[in-house]
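Visitor: I would like to see how this sequence folds:
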Amino acid sequence: MPLDGQQQVYGAQHPPNLKLIKELKAGSSGSSSHSLPGTVVKAFRDYEKKTIDAWDIDENECFNLTDPFPISVIDSEEVAKKIIKNHKETQEKMQSNVCSRTSTKSSPGPGKALRQETNSDNQISNVSKSLKLTSISSSDLKNRDTSDLKPCVPVPNSEKSKNDNKESSMSNRHHVYVSKDFDEDSSRIKKFENIINSNPINLSELEKLSWKGIPKSYRAVCWKLLSDYLPLKKELQEKTIEQKRNSYWESVNECYSPTFLDLNHDTLRQILNDIPRMNPLVPIFQNETVQNIFQRVLYVWAVRHPGSGYVQGINDLLTPFFVVFLIDYIQIANYTEIEAKDIENLPQESLHQLEADCYWCMTKLLDRIQENYIFSQPGIQKKISALEELMKRIDRTLYEHLKKNNIEFIQFAFRWMNNLLMREIPLNCTIRLWDTYHAEPFGFSDFHLYVCAAFLSRYSKNLIEEKDFQGLMILLQNLPTRNLKTSDITLLTAEAYKLQVMFANSPSHTSGHNL
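Guide: Numbers count the residues shown, from 1 in each chain. Model prediction:
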């Protein structure tokens, strides 16, 4: 039983607060201050068309989200003309290069690579020309492999020189190329190594570099640093982490005492029911040792946070931390290749360290989105309302199609917000997405809203093809994401960043709520 005045929260027992949702919608519809005059709408559309290449900025400025984003119409017109002129010249040079390349397409070696590069340029440039991700059918996702593509983003100066001879005809601002996975990019790994070995660690530089993905060998330590679990000063790290680990195990002994077990019996029972259903397709999570680790972490967190208690869905948020931190103790090529024997062979001390690290980093994450898991989960409901308003502005056709077929955003987006899209995309893609979330100042809260908007826009064409409520709901709950690659997540976060820059300070899509 809960303590006096404390209400335990379970996702299944407490459905969404429909009253609050109606109030949010009523507030948005009754607020005339957010409506835009026709002249402003036209001006915005003109500006939108003329600054379509705004993503091509210098890397040092690319991820500084704290700075304001003031743009005058006169300045934007001048910049737009220069961008269009540069882009036209670049395209002409690229076309002349393509013509010379196609003359040698019969050669079996380099010719094939050049054709692949040309196709990659076309695919990525098509994406960068739109404010939303290109809709992809399920058959395209099955046949298309984009694991070796990099998005159209600014290239660091240290890497440009390596490609000058090969791609001299391309503009640096529109540099698109085929590259190996960032886990194999030696220059990128070297940058992470230099930052991690510095003292104190430059957190700003680490965030900037981590935004586009973290190599697997450095992901665990980077997540601990970005979560504010590991100190930036080297001399404090060992002592601090030892104190944190000892503190966790003291809490375990206290929370599993008879007194606490009697008070939190319902909470523990709910956790024990949820854990076996977690990630059923990944065998490692059916291992008894792993399930015991998850049980202790979730139960201790719930006891120490009685204001929210355990909520269904929190168990999913522990999964990425567990598999990422496990890499410090075992050597595997892919996160989904972890086997039960890998866990059973680990020393007990290593398992204890792993468990404590997972607890503290999950706690840091939940502290940032605590409003999502208190009674009635108002944080999630506000985000769903904001997502609906945002989609109304960026994809009106899809929005009206969903409304015409009586689809409410809460029917599918609640899970997106509650589980941070973990039920929608593969584990490898979730981990890559969390690289960006950790590097973003409000990644797990504010930025996640724009990722969800970009994610929904990605499948706009597929959804519009469905003509009834049943077909739409089945597709929304089972989007064709099985073949998503980490490169797709890079494009998704880039599109989300565009949306954030354009709409973060716009009151209309949030209905006056502060997110």
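
Visitor: Leu398 and Leu387, how far apart?
Guide: Remark: distance between Leu398 and Leu387 (C-beta to C-beta, to the nearest Å) = 12 Å. Heads up, the C-betas are built off the backbone N, CA and C, glycines and all.

Visitor: neighbour count winner among the two?
Guide: Using other C-beta atoms under 10 Å as the criterion, Leu398 and Leu387 rank with Leu387 on top: 23 against 20.

Visitor: name the element His438 belongs to?
Guide: Element membership for His438 (DSSP states H and E) is helix 427-439.

Visitor: for the helix or strand containing Met502, output the C-alpha coordinates as PDB.
Guide: Taking DSSP H and E as the criterion, Met502 maps to helix 486-503. C-alpha atoms of helix 486-503 as PDB (Å, rounded to 0.1, in the frame of the first residue of the first chain):
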ATOM      1  CA  THR A 486      21.200   4.500 -38.100                       C
ATOM      2  CA  SER A 487      21.700   6.700 -41.200                       C
ATOM      3  CA  ASP A 488      17.900   7.100 -41.300                       C
ATOM      4  CA  ILE A 489      17.900   8.300 -37.700                       C
ATOM      5  CA  THR A 490      20.600  10.900 -38.700                       C
ATOM      6  CA  LEU A 491      18.200  12.200 -41.400                       C
ATOM      7  CA  LEU A 492      15.300  12.100 -38.900                       C
ATOM      8  CA  THR A 493      17.200  14.200 -36.300                       C
ATOM      9  CA  ALA A 494      18.300  16.700 -39.000                       C
ATOM     10  CA  GLU A 495      14.700  17.200 -40.100                       C
ATOM     11  CA  ALA A 496      13.600  17.500 -36.400                       C
ATOM     12  CA  TYR A 497      16.300  20.200 -36.000                       C
ATOM     13  CA  LYS A 498      14.900  22.200 -38.900                       C
ATOM     14  CA  LEU A 499      11.400  22.000 -37.400                       C
ATOM     15  CA  GLN A 500      12.800  23.100 -34.000                       C
ATOM     16  CA  VAL A 501      14.600  26.100 -35.500                       C
ATOM     17  CA  MET A 502      11.500  27.200 -37.500                       C
ATOM     18  CA  PHE A 503       8.800  26.600 -34.800                       C
END
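
Visitor: so for it, mean pLDDT?
Guide: Averaging pLDDT along helix 486-503 yields 95.

Visitor: now for that helix, which elements pack on it?
Guide: helix 110-128, helix 378-394, helix 427-439, helix 448-458 (3 or more C-beta pairs under 8 Å, 6 or more residues apart in numbering; DSSP states H and E).

Visitor: between it and helix 448-458, how big is the angle?
Guide: Compare the direction of helix 486-503 with that of helix 448-458 by axes from the mean of the first three to the mean of the last three C-alpha atoms, to 10 degrees and you get 110 degrees.

Visitor: tell me how far Asp262 lies from Ser186.
Guide: From Asp262 over to Ser186 (counting by C-beta to C-beta), the distance is 57 Å.

Visitor: ok, now which ones touch Asn202?
Guide: Going by C-beta atoms under 8 Å, 6 or more residues apart in numbering, Asn202 touches Ile195.

Visitor: let's see 10 Å
Guide: Shown in contact with Asn202 (C-beta atoms under 10 Å, 6 or more residues apart in numbering): Asn194, Ile195, Lys208, Leu209, Leu232.

Visitor: what's the distance between it and Glu440?
Guide: 17 Å.

Visitor: just Tyr335 next, same as before
Guide: 22 Å.

Visitor: okay, and the common contacts of Leu398 and Leu387?
Guide: Common neighbours of Leu398 and Leu387 (C-beta under 10 Å, 6+ apart) are Leu456.

Visitor: which parts of the stretch 201-350 of the chain are strands?
Guide: Here the stretch 201-350 of the chain has no strands by DSSP state E, counting those that start in this stretch.

Visitor: re earlier: of the contacts of Asn202, just say which sits nearest to Lys498.
Guide: Lys208 (17.7 Å; C-beta to C-beta).

Visitor: need the pLDDT of that closest one.
Guide: 95.

Visitor: which residue is the nearest non-sequential neighbour of Leu476?
Guide: Nearest non-adjacent residue to Leu476, counting by C-beta to C-beta, 6 or more residues apart in numbering: Phe412, 4.1 Å away.

Visitor: identify the residues contacting that neighbour.
Guide: Ile384, Leu402, Glu424, Leu456, Leu472, Met473, Leu475, Leu476, Gln477, Leu479.

Visitor: out of the contacts of Asn202, who's the most crowded?
Guide: Leu209 (22 neighbours).

Visitor: point out where the stretch 401-515 of the chain drops to low pLDDT.
Guide: 506-515 (pLDDT under 70).

Visitor: hmm, 80 instead?
Guide: In the predicted model of the stretch 401-515 of the chain, residues 505-515 satisfy pLDDT under 80.

Visitor: just to be sure, the residue nearest to Leu476 is in a helix?
Guide: Yes: assessed by DSSP: H, G, I helix; E, B strand; the rest coil, Phe412 belongs to a helix.

Visitor: quick one: low-confidence parts of the chain?
Guide: Residue ranges of the chain with pLDDT under 80: 1-185, 279-282, 332-342, 505-515.

Visitor: same thing but 70
Guide: 1-184, 336, 506-515.
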